[in-house]
Every structure is written in C-alpha cells, then in structure tokens.
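Peer 1: Build me a structure from this.
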Amino acid sequence: MSSPRDQLLQTLAEATSQQPERIKLAEVQLKQWEVVPEFYITLLEIINDKSVDVNIRFFGVIFFKNGVDKYWRKTAKSTINPEEKAKIRSQLLSFMDESHNQLATQSAVLVSKIARIDFPNEWPDLLQNLLSIIHSTMNVNSAILIQKRAILTLHLVVKALCSKTFGPDRKMFEQIAPELLRNVASIYVEHTNRFFNMISTSNDIVNATDLETSLIALKSIRRLIVHGFQDISKVDETKAFFVLAFDHLQKFYTLRNSSQDTSSPIFELLDSKVNLIGKFYIELQKLRPISFIMTPGSRDVIHYYWQLLVMHSKSYETEMATQPYGTEKILIQALLLLKGIIRKSSYNQDIKESEDLRISDAMKILEEQILTQSFVESFAELLISSYLILRKEDLVMWEEDPEGWVNFDEIDHWEYQIRPCAEKVFTDLITQCRDLLSPKILKLLENAALTQSDNLLVKDAIYCAVGLGSHELYDVLDFDSWLVNNLLIEAANNDPSFKIIRRRIAWIIGRWVCVKLSKENRPRVYDVMTYFINPEEDFVVRLTAAINLKNCVDEWDFDSDGFVPYLDRAITLLTRLIGEVEQFESRLKILNCLSLIVERMDSQIAPFSEKITNLLPTLWQVAQSEYLFKPAILVILTKLVQALWEQSVNLHEFIIPIIQYSVSPNTEEHVYLLEDGLDLWLAILENTVECTPLLFNLVPAAIGLLEFGSETLKRVLRIIESYILLVPEMIVQSYSIPIMDAFTRLFGDLRPEACRAIIYVIDVTLQACPFGLLKESIISTGLLGKLLNTIISVNEENPYVLVSYVSILARIIINDPVFFLHFITIASQQYNIQQEDLLKKVLETWLDKFDNIGHPKQRKLSAMAFATLIATTNSTILGFLAQFIGVWCDVLSEVKESGGGDALVYWQEEYVGKNEIDDSDASPETKRKRALLQRDPIHTTNLIHYINLKIGECEALNGGPEMFRQKYLSRVDNTLLDQLKGLMNV
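Peer 2: Predicted coordinates:
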C-alpha cells in the first residue's frame, strides 16, 4: 500500500488534471483528508519538493492557504493540532530559493496568514529569522533570489500585522516597529545606493534587481512608519527617513521623466517608486496630520508637490497622451496631499491619538507658513484655470458618447481622475478659506461675464467653482440677480458651441436651488430646466438637466402649485428622454426624477399618470438582470398609486403581476425586489375601494411570506390587515385557517414587538369579521390554545406581550362568553386538570397582570370582559367578584367624564392625525379603519351602563338581588362597594 504522501500527491495530480470528473473526485477526497492529522505537514512537504510538477505544487499552496482560514485558529472546528503546527512553522521559510515567482509569492502569503494569527505568541522568532536570511545574503550575488523572496515575505508579514486593529495588537506593532524599521531601512538604503551608484557610472540601467528589491523594502517601511509610530516628529529614525524619502522622490522622478521607453519594466519600477513615496506622504498626513506638519522637511514636501502642479498645469494633458497612467497619478497624489493639508478639522481629530502633540504649533505653521493668503489665492486660481477645465478628451467623449460621458462624470471616482479630484480639493479649499476666496471668486465671475466664446472652457471652469462653493458663497453672491441677468440669458443662446455653458447652467441650478433661490424665481428655474430637456437640445445638456431637475423638485419647501404649469412639459420630455437613453444608469436617474415629481405633485399628477404607466412595461421588460433598476420601477409605481388613490384600481391589471413576480421566492431577483414589492402591494390595498379578483388571488402569497420571519414580517402583517379591512368575510371564509395556522407557528419564536404585531392583526380580525366564522379556525389551528398556554405558563413571559394576549381573550369573551367557557373545558381535558382550576388560573394571571395594561382603551376592554363573565352562575367566576369590582373602579375613574359619560375618543390618538379629521383628505383604508373603530364596542359602549346591565343579568341568574347580595356581595369589602356605587351613580 502506498504511503500517505504518495496518496496525497496522486490526488493533487488528479485535482490539477483537465478532466472535470477527475477533478471533482479529487476535491471530494481532499475535503475528507483536510481534517486528518498530519495532512497539512505532508502537503507542505510536497509544496517544497522541487521535483514535483510546479502546477501540483501551486495548487497545493493555494489549498493550504485556504485551509489556514478554516483550521489554523485554536477555536476552529477540527483545528490543526499544536504539534503539527510547530512542524509546519519550522518548514515554512524553506521556499526562499524557489525560482517560480507565482509559487513563491503564494508561499509568502501563506507565511503572512499564519503570522497574523501566531505572531508573537506561537512564532516569536519569525521576524528575526527573516532578517537573518536577508542580512546573510546582502552581498552574495548567488543569493539574490533568496534575499528577494525574504524581503517580499517580510513585507507581507508586516502588512498582515499592521492590519490588526485591536488595541493590544496595535500596541504590539508599535513595540516591534522601531527595531524592524532600522533593519528594513538599512536594506532599503543599501539597495537604493547601489542603484544610484550604477546609474552614476552608466547612462543605461541594465540591472533592475536593486531597484525592485528596494521597492519591496519601501512598502514595508511605509507601513512601519505610518502605523508603528504615534509621533514621527519625535523619533530620529523616522525624521531621517522622512527627509531621505523626499530626496529619493526627486531623484526617481527625474529619472522617470528622462526615461525614453515608457513601456519598459525599468520605467514601471521608477513610476511605482515615485507613486509609493507619494502614498507614504499622503497616508502619513492623513493618519498623523500634526506629526506630519511638525516633522522637519514637511514644508519642502508640500512645496515640491505644489510645484509639480504648477509645472504641469499647462502641459499635463499633452503628457498624459504619451504617459497615460503616469503623470495623472502623480498630479492626483499632489492634489490629495494638499487636500489633506487644508482640511483643518483633521488636526483636531489627531489630538485623540496623543495628548502631547503640539496642535497649536502645528496650526501656527499651517496658517503662517503654508496656507498663506497668496498661496490660497494662487491654489484656487490654479485649480480653476488648469484643473477644473474640461479637457480635449472630455470634449471628444462628449461628441462620441454623450450619455456615457454624463454618467462617467456623475460617478464618485474623484481619487482616480484628476478633474473630479480637483473639484473635491477646491470644495475643501473654499470651505476652509471662504473669507479669503469669496472676493476672488466674485471677481472671476465678473470677468467671466465679459468672456468671449473662444474662452468658454474658462467660463465653464469659473461657473464650476461657483457651483462647488454654493454653500460658502450663498451670503456674498446674489444668486437671484445672477440667474436673471446672466444665466437665463445665456441659457437662451442656442449656438452649438455654447452647449458647454448651457450644460453647466443646468448643473449650477441643481447645486444652488436648495441653497439660495427666491420663491419668485422658482418658476423661471422650472421653465429653463424643462426647456433644456427638449429634443432639439444637445443630448448632454438634456440628460444633465433631467438629473438636476430632481434637485429643483426636492426642495423642502417645494410649492407644487408653482410647478403645475411645467408639469405636462416635464413629464412629456422626461418620458421621451428615458426612451432614448441606452444605459441603465441614465434610465435610473431619469426614473428617480420622475418618481420624485410624482411624489411631490401628489394628486395633481393624475392627468399625466397614463404617460408614465405606458412607459413602465417596456422598461420592466428590458431591465433583465439590472437589479437596481427594477426596484426603482416599483418605487415609482408605489408613489403613483399613493397619488392616484381610488383611481389606482385602473393600474391593477399591470401592477399585480409585477407584485406577484417581485414577492415570489422562486424568482432570482426576489431578494432585490421583495421589500419594494411589498410596499407597492400595501399601497395598492390602502388606496383601493374594491378587491378585484387579481388582487384577491395574491392572498396565498402573503400567507406564504409569513414564514420569512422578522425582516419582512411587519410589512406582510400590514398587508394581511389591509385585506381583512377591505374584504373581511371573504378572507375569513377562504383563508382563516392557513392565516391562523401561520400565526400559531410564529408565536414563541419572535421578539415581543413582532408578537404584538401579530396580536394586533388578530384583534382587527375579531373586530371586522363575524365571530361565528372564526370559532373553528382559532381552535383547530391551536392558536387559542397557544395563547392560553403562554398566559398560564410558569415561564415569565414579557408582560408587554402577555397584556396583548389577554386582550384577545377579552375580545372573545365580549363576543361569545359561552364559547370561551366551552374552550376552557376542552383545554382542561388536554391539560388533565379540572375546568374550574384552569379557569381560576387564567383569571388569576389576568388580574395579576392588569396593572401592566397601560392604555385606557385596553383597560376598558378587560373591564368589559370581566363584566360579561359575571352574567353566569359559575361559582369560580363569581368568586373573583371583588377583584372584578376593583378593576371596574379603576377603569371607571379613568373613562368617566364630568357628565357621567364614557370617554370614547382614544382611537383618534392612534389612527387619525389632527389634519385627517375630514374624510375628504383620507385614504380609502384610513376611512375603513375609522369606520371599524366607530363600531368597536370599546367606543360604542358606555361602561357604566354595561356594568349595570351585566350585574342585573347576574342577579337574575342567581336568585335575585337579595340572594345575590347575601351569597356574593357580602364577601366584598363595603368600602369597595361604596366606591363602585359612587362611580355608577349617573
């Protein structure tokens, strides 16, 4: 029989074959073996065996790496035993002379994954071992590969360790960082100096090994300094490297720019080196802003990046054509660094890192030496004149793919594109320095009014600056005057070249309309924005106007009457535009605009609803797998239904199949559509006056969704409630058993709030439906039995829930006390106890929890139930007469009015707002709820008269008043009886 190693090797060979059947069998076998002791050490031996096929070894290291995630931690199920782990750690670093790059890289990743878990407790000598390998190979030409692998592994280990963010882990990293930095920095300096010595003796860079090795070392140094030191301005090593990195930045940037072949590996390494140093400064400034400012040489770094922006301001577009991925990235880094510098709020955050940081000194340096008035003004002018301007490639894309250009411009990708990045930087600059820049921007705006057509790009950039600074300029710029005297006049200029400005005007209005715009000028804005969407206009202008029209309608004090004259034009043009666009991003934005218009215009949208609904079936069909687009269609349909009220019944034929599709668990898109589909379903029910067959056929889907649990339960319960309010008898006759059965299964498995929500629906059902139709379902499904069991259970149920449970018993007793007593008899047989004992326990629990009932409405319900029960000769019930009288006294004190009546208006607090008293302003469902509550015995029954009536019935059943007094009332305290008589005295 072959050895375990041979068996594993054969299985790995099968797993790397090209035959699916063999691969599947091998994967099953490996899954069985991966929990067997000695599996991973055997696998590691195969990975390190250079005589084995490299594909098998590569598959093995990937499998091992995934196994670390599953089985290495001590808390993992089937964890690798400590002895095997120790053997593995002792062999992990034996791959250093591996010639296959991808295999070596994955082996290094494997080391870093285990180091993240085991260092320092289980693997304390890891870093020292790696450093020993590196130092022992520093000047050995034959060991270059080993050194390179060791430095890469060290980098990945450092990366893994600094990703641990818990307090003790961060403290550990800060403890090892100084010594590790000294070692890695010496390696970096050694290789970098070798590289510079080489190029000083030869114009050609023939060997990139030192450059590549120093690049990997620099990656480790970046993380060590950024994450391993609280204040780099106080540590000699970090201060020295800060200055050294700046010197190297300048040298590498010069070499990079002098390189003739931008596609060569040397150029890529130089470019990576420049970008990595830039990333080092940016991250350092972001995480340690005060330390950055206080470190010697920081002003030189800032000045250097500023000079790069100035130097390339006029030529970077040409340079990008020849170095597409180089120059722009460096300039973006310059902008990001300066963005961090000017954000003063970040300096206050950094004080939490270390209380002794000299924040006042840092702010003084910042304001007096960096953010001077001349620098701020120059920076703003540079951004506007060079980096906010549309480039040639923008204009080309505008013509070739206008829709794609608009969507690309709307994406939040500012950290990767220079113009969006410049916009973010300018926004921060004017926010931090508004007093300095406001006069400058106004002056530029005045000059822009005189700009001729050949400088439209400059005018566009100035307008962009005004839009970006809307929140800072609102009190210095008279936007209404500028709108009327400039923007609206320029908007009427139909010259094809002026489309750049027309597009910018639509964008500016979208930025300013919610900041500062008089009510008198809003109709002018609606007019120009809808005018921009007309088919004769440039496509970019149309789409930009459609996107920003949403902001015009989304004002908090939007006046729908002022928009009515432009509503027809807006709906017509938007529905036409959405049919012309091809990208789903565009359709989604236009649809969101339409959706908001429908919502804000409310019932005024009714005459135009057909235009919108005619558009949606096609959009639904073409949406296919666009999971974000179909929910947007559901949202606009929901808002349309809510706006149309009763008229929405005309949409049922189109909407109900969409609801059925959206809520069906059998559709792939169910998870994306369910929530909005339920909202649409509920809106349909709330706003209809009839239950069409199509709508009624959806009921089984609602019952099925009850099983989904708490995430959608609240909405589904509201849907079932709406059906019960709409057609109570139809629902009970067709679906009472499956509904009550689902409720029964849910009880006990949900949070108290969810249980209360179910109880509320049962309560509505008991009010809306004839009780005779419900008797069978609440017993046969076990619902009433489960409620009773919860009430009498020795387990301490949440009083909040128990109160709601007894309210259901109260409803049942008021409807049919004989049925209640019959059920108690049946239940007592199931519990194998006497009927009297069970009844006694129920009433004792009920009375014990009565004080937990907070709402007067529910307290009155219990009082009426107790009054209903005494109309009997049952001695067990009458034995509680004194407690019942105590409850009646409490409740009568709460509901009795000065004239001796009964306060019956509690329902208004819960269901009707003060502005909804008039039925003409209420939805169909609100009217149905109001009608139901007006029929509720709680609100139609005078409690004094009701108690008098039931006492009279009790006296008649128990031998008359005198006999009843002697037998039962004589046991009641006279003070309590006197209190009841006083309250009952009408």
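
Peer 1: what residue ranges in the stretch 301-450 of the chain score low on pLDDT?
Peer 2: 316-326, 344-358 (pLDDT under 70).

Peer 1: Now with 80, please.
Peer 2: 314-326, 344-359, 449-450 (pLDDT under 80).

Peer 1: could you pull out the helices for it?
Peer 2: 316-322, 327-342, 345-350, 359-365, 373-382, 392-400, 402-410, 418-432, 434-448 (DSSP state H, counting those that start in this stretch).

Peer 1: ditto for the stretch 601-750 of the chain
Peer 2: For the stretch 601-750 of the chain, the helices defined by DSSP H, counting those that start in this stretch occupy 609-623, 629-644, 652-663, 670-686, 693-696, 699-705, 710-726, 728-746.

Peer 1: Any chance of the ones you listed in JSON lines with distance to residue 254 as columns?
Peer 2: C-beta coordinates here come from the backbone N, C-alpha and C atoms, glycine included. Below are the helices of the stretch 601-750 of the chain laid out as JSON lines (distance: least, C-beta to C-beta, whole Å):
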{"stretch": "helix 609-623", "distance to residue 254": "53"}
{"stretch": "helix 629-644", "distance to residue 254": "50"}
{"stretch": "helix 652-663", "distance to residue 254": "61"}
{"stretch": "helix 670-686", "distance to residue 254": "53"}
{"stretch": "helix 693-696", "distance to residue 254": "75"}
{"stretch": "helix 699-705", "distance to residue 254": "67"}
{"stretch": "helix 710-726", "distance to residue 254": "59"}
{"stretch": "helix 728-746", "distance to residue 254": "72"}
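
Peer 1: can you list those helices in JSON lines and add mean pLDDT, distance to residue 104 and mean neighbour count?
Peer 2: What follows is these, written out as JSON lines (pLDDT from 0 to 100; distance: least, C-beta to C-beta, whole Å; neighbours: other C-beta atoms under 10 Å):
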{"stretch": "helix 609-623", "mean pLDDT": "88", "distance to residue 104": "47", "mean neighbour count": "16"}
{"stretch": "helix 629-644", "mean pLDDT": "93", "distance to residue 104": "46", "mean neighbour count": "23"}
{"stretch": "helix 652-663", "mean pLDDT": "93", "distance to residue 104": "51", "mean neighbour count": "19"}
{"stretch": "helix 670-686", "mean pLDDT": "94", "distance to residue 104": "41", "mean neighbour count": "22"}
{"stretch": "helix 693-696", "mean pLDDT": "94", "distance to residue 104": "65", "mean neighbour count": "15"}
{"stretch": "helix 699-705", "mean pLDDT": "94", "distance to residue 104": "53", "mean neighbour count": "18"}
{"stretch": "helix 710-726", "mean pLDDT": "92", "distance to residue 104": "47", "mean neighbour count": "20"}
{"stretch": "helix 728-746", "mean pLDDT": "94", "distance to residue 104": "57", "mean neighbour count": "18"}
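
Peer 1: Nearest to residue 216, out of those helices?
Peer 2: helix 670-686 (43.0 Å; C-beta to C-beta).

Peer 1: counting contacts, what elements does the closest one pack onto?
Peer 2: helix 629-644, helix 652-663, helix 710-726, helix 924-935 (3 or more C-beta pairs under 8 Å, 6 or more residues apart in numbering; DSSP states H and E).

Peer 1: which residues touch that helix?
Peer 2: 627-628, 630-631, 634-635, 637-638, 641-642, 648, 652, 655-656, 658-659, 661-664, 667, 695, 698, 702, 705, 712, 715-716, 718-719, 722-723, 726, 923-925 (C-beta atoms under 8 Å, 6 or more residues apart in numbering).

Peer 1: How confident is the prediction for residue 907, by pLDDT?
Peer 2: pLDDT, residue 907: 43.

Peer 1: Make 20 the starting number, not 1.
Peer 2: From this message on, residue numbering opens at 20, which makes the last subject residue 926.

Peer 1: coming back round to it: right, and the helices of the stretch 320-469 of the chain - which one's nearest residue 981?
Peer 2: Here helix 364-369 is closest among the helices of the stretch 320-469 of the chain (C-beta to C-beta), at 84.1 Å.

Peer 1: mind listing what the closest residue to residue 902 other than its chain neighbours touches?
Peer 2: The shortest distance from residue 902 to any non-neighbouring residue, by C-beta to C-beta, 6 or more residues apart in numbering, is to residue 866 (5.0 Å). By C-beta under 8 Å, 6+ apart, the contact set of residue 866 is 899, 902, 906.

Peer 1: which SS class is the last one?
Peer 2: It stands for residue 906. helix (DSSP: H, G, I helix; E, B strand; the rest coil).

Peer 1: What separation is there between the nearest residue to it once chain neighbours are set aside and residue 908?
Peer 2: Excluding its sequence neighbours, the residue lying closest to residue 906 (C-beta to C-beta, 6+ apart) is residue 882, at 5.4 Å. Distance from residue 882 to residue 908, counting by C-beta to C-beta, to the nearest Å: 10 Å.

Peer 1: do you know how far residue 781 is from residue 287?
Peer 2: 70 Å.

Peer 1: neighbour-wise, which of the two wins?
Peer 2: residue 781 (24 against 16; other C-beta atoms under 10 Å).

Peer 1: Go ahead and confirm the more buried one touches residue 761.
Peer 2: No. Using C-beta atoms under 8 Å as the test, residue 781 is too far from residue 761 to be in contact (11.6 Å).

Peer 1: burial of residue 882, as a residue count?
Peer 2: Under the neighbour criterion other C-beta under 10 Å, residue 882 is assigned a count of 25.

Peer 1: And the helix or strand that contains it, what does it pack against?
Peer 2: Taking DSSP states H and E as the definition, one finds residue 882 inside helix 875-888. Secondary-structure packing of helix 875-888 (3+ C-beta pairs under 8 Å, 6+ apart): helix 818-834, helix 900-914, helix 925-930, helix 956-959, helix 962-976.

Peer 1: now it and helix 962-976, what's the angle there?
Peer 2: Put simply, helix 875-888 runs at 20 degrees to helix 962-976, going by axes from the mean of the first three to the mean of the last three C-alpha atoms, to 10 degrees.

Peer 1: between helix 875-888 and helix 818-834, how many degrees?
Peer 2: 40 degrees.

Peer 1: what about dumping the CA coordinates of helix 875-888 to CSV?
Peer 2: Output of helix 875-888 as CSV, limited to C-alpha atoms (Å, rounded to 0.1, in the frame of the first residue of the first chain):
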residue,chain,number,x,y,z
PRO,A,875,-57.1,53.1,28.9
LYS,A,876,-58.6,51.5,25.8
GLN,A,877,-57.2,48.1,26.7
ARG,A,878,-58.0,48.5,30.3
LYS,A,879,-61.7,49.2,29.4
LEU,A,880,-61.6,46.1,27.2
SER,A,881,-60.6,43.9,30.2
ALA,A,882,-63.2,45.6,32.4
MET,A,883,-66.0,44.8,29.8
ALA,A,884,-64.8,41.2,29.6
PHE,A,885,-65.0,40.8,33.4
ALA,A,886,-68.5,42.3,33.3
THR,A,887,-69.5,39.9,30.6
LEU,A,888,-68.2,36.9,32.5
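
Peer 1: contacts for that helix?
Peer 2: By C-beta under 8 Å, 6+ apart, the list of residues contacting helix 875-888 reads 822, 825-826, 828-830, 832-833, 836, 865, 869, 872, 896, 899, 903, 906-907, 909-911, 913-914, 922, 925-926, 956-957, 960, 962, 965-966, 969-970.

Peer 1: buried sites along that helix?
Peer 2: For helix 875-888, the neighbour count (16 or more other C-beta atoms under 10 Å) marks 876-888 as buried.
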